[in-house]
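Participant: Whatever this is, show me its structure:
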Amino acid sequence: MKHQLLLLRHGKSDWKTGAGSDLERPLGKRGHRQAARLGKWMKDHDIVPARIISSPALRARQTTEHICEGLDVSLKTIRWDLQLYMANCETLLETARVTFEEADSILLVGHNPGLEMMLEFLGGRELPLNHNGKLLATSNMAQIAVPEGNLGLKRKSCELIRIIRPADTK
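Facilitator: The predicted model follows:
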């Protein structure tokens, strides 16, 4: 059986709120809508991760809350991990490695450039960019199959199943 790794970049944030710090920047209206639709889409497509780990930055937290609402998953099950805030590829890989010891399906909610770097590291083929030349824009989620023998998450050893973009969830 393959394991599943989901990488979700937080929704579109609102830069005009006067937030005191980057950690406190909230989602914008579009970010709220897209995250809510993605959560429902995930449930409709039976993509329900066994573990959800999220950056505690407000925009990532709000994205995760919408996903959980759509999936009917309790927020009490979420692990809020400050290490995921602006995490680099190695930190994200280590988080996934440790979590795969307890679950076969993981959702990491975080930020670029770390998520894109992790996807590029794991991807075994050419990765699809969006119309703006980005791999993981806001509210984009990569669904990755991780072979049973690769829970150490080696370079180019996983299979990108698809990238779900907001237009796919309408």
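Participant: what's near enough to touch the residue nearest to Ile163 when sequence neighbours are not counted?
Facilitator: Counting by Cβ to Cβ, 6 or more residues apart in numbering, Ile163 lies nearest to Ala142, which is 5.1 Å off, once chain neighbours are set aside. Where you see a C-beta, it was placed from the backbone N, CA and C, and this is true even at glycine. Contacts for Ala142 (Cβ atoms under 8 Å, 6 or more residues apart in numbering) come out as Leu6, Leu7, Leu8, Leu115, Leu119, Leu136, Leu160, Arg162, Ile163, Ile164.
Participant: from those residues, which is closest to Ala35?
Facilitator: Ala35 lies nearest to Leu8 out of those, by Cβ to Cβ, at 8.8 Å.
Participant: three-state assignment of that closest one?
Facilitator: Three-state call for Leu8 (DSSP: H, G, I helix; E, B strand; the rest coil): strand.
Participant: surely it meets His111?
Facilitator: No - if you go by Cβ atoms under 8 Å, Leu8 and His111 don't touch, sitting 10.3 Å apart.
Participant: Please, which helix or strand holds the residue sitting furthest away from the middle of the chain?
Facilitator: Distance from the C-alpha centroid of the chain peaks at Gly18, with 25.7 Å (Cα atoms, centre = their mean). In this structure, Gly18 sits in neither a helix nor a strand according to DSSP states H and E.
Participant: Which single helix of this protein contains the most residues?
Facilitator: Counting by DSSP state H, the longest helix found in the chain is helix 29-44.
Participant: about what we covered before: can you tell me which of the contacts of Ala142 are in helices?
Facilitator: Among the contacts of Ala142, the ones falling in helices (DSSP H) are Leu115, Leu119.
Participant: just the buried members of the contacts of Ala142?
Facilitator: Buried members of these, counted by 16 or more other Cβ atoms under 10 Å: Leu6, Leu7, Leu8, Leu115, Leu119, Leu136, Leu160, Ile163, Ile164.
Participant: which residue packs closest to the last one, ignoring adjacent ones?
Facilitator: Read it as Ile164. Closest residue to Ile164 in three dimensions, ignoring its sequence neighbours and counting by Cβ to Cβ, 6+ apart: Met141, at 4.7 Å.
Participant: so the one you found bridges to which residues?
Facilitator: For Met141, the beta-bridge partners are Leu8, Ile164 (DSSP bridges).
Participant: on that earlier part again, can the buried ones among the contacts of Ala142 go into CSV with extra columns for distance to Asp104 and pLDDT?
Facilitator: Rendered in CSV, the data for the buried ones among the contacts of Ala142 read as follows (distance: Cβ to Cβ, whole Å; pLDDT from 0 to 100):
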residue, distance to Asp104, pLDDT
Leu6, 12, 98
Leu7, 16, 98
Leu8, 18, 98
Leu115, 20, 97
Leu119, 19, 95
Leu136, 23, 92
Leu160, 18, 93
Ile163, 21, 95
Ile164, 20, 95
